[in-house]
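I'd like to go over a predicted model; first the sequence, then the structure.
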Amino acid sequence: MRYAVYLAPPPDTPLWTFGSAVLGYDAATGRDVPPPDLAGFDAPTWAGLTAEPRRYGFHGTLKAPFRLAEDCRPEDLAAALAALADQHHAFDLGPLEVRELGAFIALVPGGPAPALEDLAGCAVVDLDPLRAPLTAAEMARRRPEDLSERQRDHLLAYGYPYVLADFRFHMTLTGPLDAIDRPRALNSLAAAYAASGADQPLRVADIVLFAQEMPQDRFHVLDRFPLRGA
């Protein structure tokens, strides 16, 4: 069993509907959903381009997937998440924007987001005592030889390299794309995002626990923990 702590909009919002449709999977219901009509891409092609992020569901990472430490129980994780949520007030983000992020397309904040960065940093540090150490295979998959020294330190300390000073919040919409598909996907997704009505300010009112039972399974929503004042 693996867990992940994510930011994920409520399932009755346009943003959740849009993101889940783009990935072809609704992590709240556990069901496949048809993709939006994206100019330049047929459904089978788009399904291939989103195969990797579909495994995780629509989300923005606060604490990347991890296994529980041997002496920790799911109830301990739930209690820690409730305590973390109670330490942070609900907050607003401006509308997210469709952007290129390396070889991927993702939704990212349009400006500074200090409350989000603080929440993510606390999630990484405060929940880490509950995380089992990475196995050698898990460590190797992160390709530490390609990381900066600081990112390698993060990987060793917290099980994930892109945290704290290297944290960049994003909600992934595609897998890696080549130089031909990337601009077409960016334009098609930006148009679909605007047409969906999802390009509105985002209220961050909770943190969301996702779970994956077996390595071949997709992650799904397990529970939500409301922030203070939500």
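Nice, I can see it. Given the structure is predicted, the values throughout are model-derived calculations rather than measurements.

Show me the beta-bridge partners of the residue nearest the centre of the chain.
Using C-alpha atoms, centre = their mean, the residue of the chain that lies closest to the mean C-alpha position is residue 60, 2.8 Å off. Here residue 60 sits in beta bridges with residue 7, residue 171, going by DSSP bridges.

who are the neighbours in contact with it?
6-8, 107, 169-171 (C-beta atoms under 8 Å, 6 or more residues apart in numbering). All C-beta spots, glycine's among them, are computed from the backbone N, C-alpha and C.

Pull out the buried residues from those residues.
6-8, 107, 169-171 (16 or more other C-beta atoms under 10 Å).

Adding distance to residue 124, write those residues out as CSV.
Below are those laid out as CSV (distance: C-beta to C-beta, whole Å):
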residue, distance to residue 124
6, 13
7, 13
8, 17
107, 21
169, 12
170, 16
171, 18
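
list the buried ones in the lowest-mean-pLDDT helix or strand in the chain?
Across the helices and strands of the chain, the lowest-confidence element by mean pLDDT, DSSP states H and E is helix 136-141, at a mean of 90. Judged by neighbour count (16+ other C-beta under 10 Å), helix 136-141 contains no buried residues.

next structured bit after it?
Counting by DSSP states H and E, the next helix or strand C-terminal to helix 136-141 is helix 149-158.

List of residues touching that next one?
124-125, 128, 131, 134, 139, 142, 144, 147, 160-166.

so what's the closest residue to residue 21 other than its chain neighbours scoring on pLDDT?
Leaving out its chain neighbours, the residue that sits closest to residue 21 by C-beta to C-beta, 6 or more residues apart in numbering is residue 36, at 5.0 Å. Per-residue pLDDT puts residue 36 at 89.
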